[in-house]
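Asker: sequence first, predicted coordinates after that:
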Amino acid sequence: CNGPTPNPSNYTTYNARTFLQTQLNKACTREEFLTKGDVNPKDFVLFYDHDFSSSETSKDNTGEKKFIEKMVFPTLTFPS
């Protein structure tokens, strides 16, 4: 997740609207969330090499310092 050329497919966000929410035209099924949901690399911290250095990077979508690939959020335990 760091360096001068970060991987653009290193996604951090898997967000999809359910049929219980308003705007039903944006709702998608569990099988469709990768194509119809919001799947993007987000929440970057940008800085110049001469200002800072990174010693460690990580992703967390659980609130427990771990990342579950393709897990949709918000969840009951990790609101956003």
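Answerer: Received the coordinates, thanks.
Asker: what's the pLDDT at S80?
Answerer: Note for S80: predicted pLDDT of 61.
Asker: let me redo that: A16
Answerer: 79.
Asker: list the residues that contact it.
Answerer: C28, E32, F33, K36, G37, D38, V72 (C-beta atoms under 8 Å, 6 or more residues apart in numbering). No exception for glycine: its C-beta is placed from N, CA and C like everyone else's.
Asker: now do the helices in this structure.
Answerer: For the chain, applying DSSP state H gives helices covering 33-36.
Asker: what residue lies at the spatial centre of it?
Answerer: T13 (1.7 Å; C-alpha atoms, centre = their mean).
Asker: now do the contacts for it.
Answerer: Per C-beta under 8 Å, 6+ apart, neighbours of T13: D38, V39, N40, P41, K42, D43, F73.
Asker: the third one contacts Y11, correct?
Answerer: Yes - counting by C-beta atoms under 8 Å, N40 sits close enough to Y11 to count as a contact (6.3 Å).
Asker: of those two, who's got more company?
Answerer: Y11 (16 against 13; other C-beta atoms under 10 Å).
Asker: and the pLDDT at the more buried one?
Answerer: pLDDT at Y11 comes out at 75.
Asker: separation between it and E32?
Answerer: The spacing between Y11 and E32, counted by C-beta to C-beta, to the nearest Å, is 16 Å.
Asker: just among the contacts of A16, which is most surrounded?
Answerer: Going by other C-beta under 10 Å, V72 tops the contacts of A16 with 20 neighbours.
Asker: per-residue pLDDT, L76?
Answerer: 76.
Asker: can you give me the pLDDT of the residue nearest to R17 when sequence neighbours are not counted?
Answerer: Distance criterion C-beta to C-beta, 6 or more residues apart in numbering; nearest residue to R17, sequence neighbours excluded, is K26 at 4.6 Å. pLDDT for K26: 79.
Asker: hang on, K26 packs against F19?
Answerer: No - look at K26 against F19 with C-beta under 8 Å: they stay out of range, at 10.0 Å.
Asker: hang on, the earlier thing: compute the number of surrounding residues for the nearest residue to the residue nearest to the centre of the chain once chain neighbours are set aside.
Answerer: Using C-beta to C-beta, 6+ apart and skipping the chain neighbours, the partner closest in space to T13 is K42 (4.6 Å). K42 sits with 10 neighbouring residues when counted by other C-beta under 10 Å.
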